[in-house]
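*Asks:* predicted coordinates and the sequence they were generated for:
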Amino acid sequence: MKESSNNSVRFDKVKPFLRTTWMGKNFFHWESLDSTNTQAKLLAQTTGCHGDVVVCEQQRQGRGRRGRSWFSVSGGLFFSVLLKPNLPLHCAPELTLVTAVALAKALRELGAEVWIKWPNDLQVGGKKLVGILTELVSDGKKTQGVVVGIGVNVNGREEDFPEDLRARATSLAAALGGLQSKACVLAVLLQHLESWFDLYASEGFIPIAAAWTALSSTLGQRVRLDLGNEVKEGEALHIDSTGALVLKGDDGQEFCILAGDVEHLRPA
């Protein structure tokens, strides 16, 4: 079934479902953008406010982690949130895990059995459903904000994905058995993001780490990590107080990983 052309994320479509207090108060909608993160970063450097949302119907040059491109599948939901948190710089990576927990909880509320593959890949049945890219915005002297970019494969069909992604990607429509209202999905996601960012601001990372652990498909698995310049293997034990992944190597020694690509070596 093909997605209807009126399945829009204009504010008038989203507003009836929106239950947030501060997130999305300023809502910027575009028919087409190279990247919602690029637009949100421009806002951060100019007139942007905490909780601004940038959303588009089509994204031409989405970006993923480590400089990769993100394939913006037809029927997808592409948006970025601008945050201006009162946080020390070294805590900014924790926002990525806050985002992963919030989105996983939201999508579970919608009916999808979502799990988090470290650090922030949201998957259903081992296939990727959501991508998250967090970027700091700075003028070289001070942080102007944090932009959290989110891509959700809402109504993409198998044939909409490139052949090399079909075995590794899925959509919310496939998980739930029918086309979804992107406006409704966006509103639910924003509501959970606001709630979890508020919790993080008031109580810190401890409740985030607990929620992330309960939703993780990585912990307890033997994994291989591609760190760019080397590859490591070990058993994923837990995340530490900063969100780093703690592993036990074959020599019995524990080590921490802050960033890298994880491959599960046995089924979750």
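*Replies:* Structure received.
*Asks:* show me the contacts for residue 231.
*Replies:* The contact partners of residue 231, by Cβ atoms under 8 Å, 6 or more residues apart in numbering, come to 224-225. Every residue, glycine included, has its C-beta placed from N, CA and C.
*Asks:* that one pairs with what?
*Replies:* Here residue 231 sits in beta bridges with residue 226, going by DSSP bridges.
*Asks:* residue 256 too?
*Replies:* residue 246.
*Asks:* isn't it right up against residue 241?
*Replies:* No. Using Cβ atoms under 8 Å, residue 256 makes no contact with residue 241, being 10.7 Å away.
*Asks:* joint contacts of the two?
*Replies:* With Cβ under 8 Å, 6+ apart, residue 256 and residue 241 have no common neighbours.
*Asks:* what's the helix or strand for residue 80?
*Replies:* Counting by DSSP states H and E, the element that carries residue 80 is strand 77-83.
*Asks:* after that strand, heading C-terminal, what element do we hit next?
*Replies:* Per DSSP H and E, the helix or strand that comes after strand 77-83 is helix 94-109.
*Asks:* state the mean pLDDT of that next one.
*Replies:* The pLDDT scores in helix 94-109 average 97.
*Asks:* compute the inter-axis angle for that helix and strand 77-83.
*Replies:* Helix 94-109 and strand 77-83 meet at an angle of 140 degrees, taking axes from the mean of the first three to the mean of the last three Cα atoms, to 10 degrees as the criterion.
*Asks:* what's the helix or strand just after helix 94-109 packed up against?
*Replies:* Once helix 94-109 ends, the next helix or strand along the chain (criterion: DSSP H and E) is strand 115-117. If contacts are counted by 3 or more Cβ pairs under 8 Å, 6 or more residues apart in numbering; DSSP states H and E, strand 115-117 sits against helix 94-109, strand 121-124, helix 206-215.
*Asks:* could you pull out the strands for the stretch 151-268 of the chain?
*Replies:* Counting by DSSP state E, counting those that start in this stretch, the stretch 151-268 of the chain has strands at residues 222-226, 231-239, 245-248, 254-257, 261-264.
*Asks:* which residues are contacting the strand holding residue 80?
*Replies:* By Cβ under 8 Å, 6+ apart, the residues outside strand 77-83 that reach it are 9, 23, 33, 36-37, 39-40, 43-44, 48-56, 58-59, 62, 72, 95, 145-152, 154, 182, 185-186, 189-190, 193, 197.
*Asks:* which among those end up buried?
*Replies:* 9, 23, 33, 36-37, 39-40, 43-44, 48, 50-56, 59, 62, 72, 95, 145-152, 154, 182, 185-186, 189-190, 193, 197 (16 or more other Cβ atoms under 10 Å).
*Asks:* centre of the chain to the strand holding residue 80, how far?
*Replies:* 10 Å (Cα atoms, centre = their mean, to the nearest Å).
*Asks:* try stretch 132-150
*Replies:* Using Cα atoms, centre = their mean, the offset of stretch 132-150 from its chain centre is 15 Å.
*Asks:* pull the residues that contact it.
*Replies:* Here stretch 132-150 makes contact (Cβ under 8 Å, 6+ apart) with 35-37, 40-41, 44-45, 48, 50, 62-65, 70, 77-85, 89, 92-93, 95-96, 99-100, 103, 120-122, 130-131, 189.
*Asks:* buried among the residues you listed? Make that a PyMOL selection.
*Replies:* The following PyMOL line selects those of those that are buried, judged by 16+ other Cβ under 10 Å:
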select buried, resi 35+36+37+40+41+44+48+50+62+63+65+70+77+78+79+80+81+82+83+84+85+92+93+95+96+99+100+103+120+121+122+130+131+189
